[in-house]
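J.: the following comprises the amino acid sequence and a computationally predicted model.
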Amino acid sequence: MNQRFLAVSHLFGTRLRTTDGMTAGLRDVLLDTDQWIIRLLTVEAEAWAPERELLIAPRMVTGYDEARAELDLDADAETLRSSPAMVAEDGLAGLGDEDALPPDWAAHWRAEIDPEAGVDPPPPPADELESEVAADLGVETDLSADDVLRAETLLGWAAETADGVALSINDLVFDDRDWALAYVDVSIGSLNANVQGASAASGHGHAKEQPCLVPRQSIDWLDRAGETLHLAVWAQELRTAPQRPSPVVFDERAEVRVYEPA
């Protein structure tokens, strides 16, 4: 794909189209929080996998069709139908309570299963399942639940600057060439005389929220227990970052502050 910066919130709900015309909906993405890249896409396909989230590798995405607002897949319907399914349970990062993948995954969901039957067949032996999944997804099966996080989950967490100023996370922006995180889209309150003066002390001041794109390189660490993303940048650096036309495709904001480390 050509380089684009795409916001994950824009991708949620996007249709994915196979080479033979079948579609499914993009539900979420699983982030590798060590390297900050998208490792897996979770896909809804109610027609044949009701109440299941199928897992596919982002390398299967070959392009974005603006006219149809769809992502094209380098796979046919049969391949998509045979993708492994993830158990939808509430647990660590939404991945269930097991320690690693693929044990969190349900048995392979296959095209020949009668969807009207409403039940899964007995799961294959463990060795068979692991070999099949590994053949489909390769290194993605080496992920631990401690290393991945739903993007939807992270969007509900907070961020914090190096000097302890709280930020809100608006979005996550990815480079579609390699699906690596390019920017964290955050908002920070502005400081001005009215806010810092007596009106702020009395509770009548209002800090206008300023959006700012912070590059992945400025991420310090992720506190899962505290649900906070810590950034290695000071609040004033974000407030004084230059305003530029947004580099994010489909961004309705004319300008946004873009922080670039010195």
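T.: Perfect, thanks for sending it.
J.: from what I see, residue 228 and residue 157 are in contact.
T.: Yes: applying C-beta atoms under 8 Å, one finds residue 228 in contact with residue 157, separated by 6.2 Å. To be clear about C-beta, it is placed using only N, CA and C from the backbone, and glycine gets the same treatment.
J.: ok, and what's touching stretch 183-194?
T.: The contact list for stretch 183-194 (C-beta atoms under 8 Å, 6 or more residues apart in numbering) reads 5, 7, 159, 161, 165, 167-173, 195, 200, 205, 207-216, 218-219, 229, 231, 235, 238-239, 248, 256, 258.
J.: can you map out the strands along the stretch 151-262 of the chain?
T.: All strands of the stretch 151-262 of the chain, identified by DSSP state E, counting those that start in this stretch, fall at 158-160, 166-175, 180-189, 209-215, 219-223, 228-231, 243-245, 255-258.
J.: for the first one, name the packing helices and strands.
T.: Contacts of strand 158-160 with other secondary structure elements, assessed using 3 or more C-beta pairs under 8 Å, 6 or more residues apart in numbering; DSSP states H and E, are made with strand 166-175, strand 228-231.
J.: walk me through which strands that strand pairs with, and which way each runs.
T.: Counting by DSSP bridges, the strands paired with strand 158-160 are strand 166-175 (antiparallel), strand 228-231 (parallel).
J.: would you turn those strands into TSV with distance to residue 252?
T.: Shown next, in TSV, are those (distance: least, C-beta to C-beta, whole Å):
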stretch	distance to residue 252
strand 166-175	12
strand 228-231	24
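J.: from residue 10, how far out is residue 69?
T.: According to C-beta to C-beta, to the nearest Å, residue 69 stands 9 Å off from residue 10.
J.: ends of stretch 147-156, what's the gap?
T.: Start-to-end span of stretch 147-156 (C-alpha to C-alpha, to the nearest Å) is 18 Å.
J.: for it, buried residues please.
T.: By 16 or more other C-beta atoms under 10 Å, the buried positions in stretch 147-156 come out as 147, 148, 149, 150, 151, 152, 153, 154, 155.
J.: any idea how far residue 216 is from residue 232?
T.: 11 Å.
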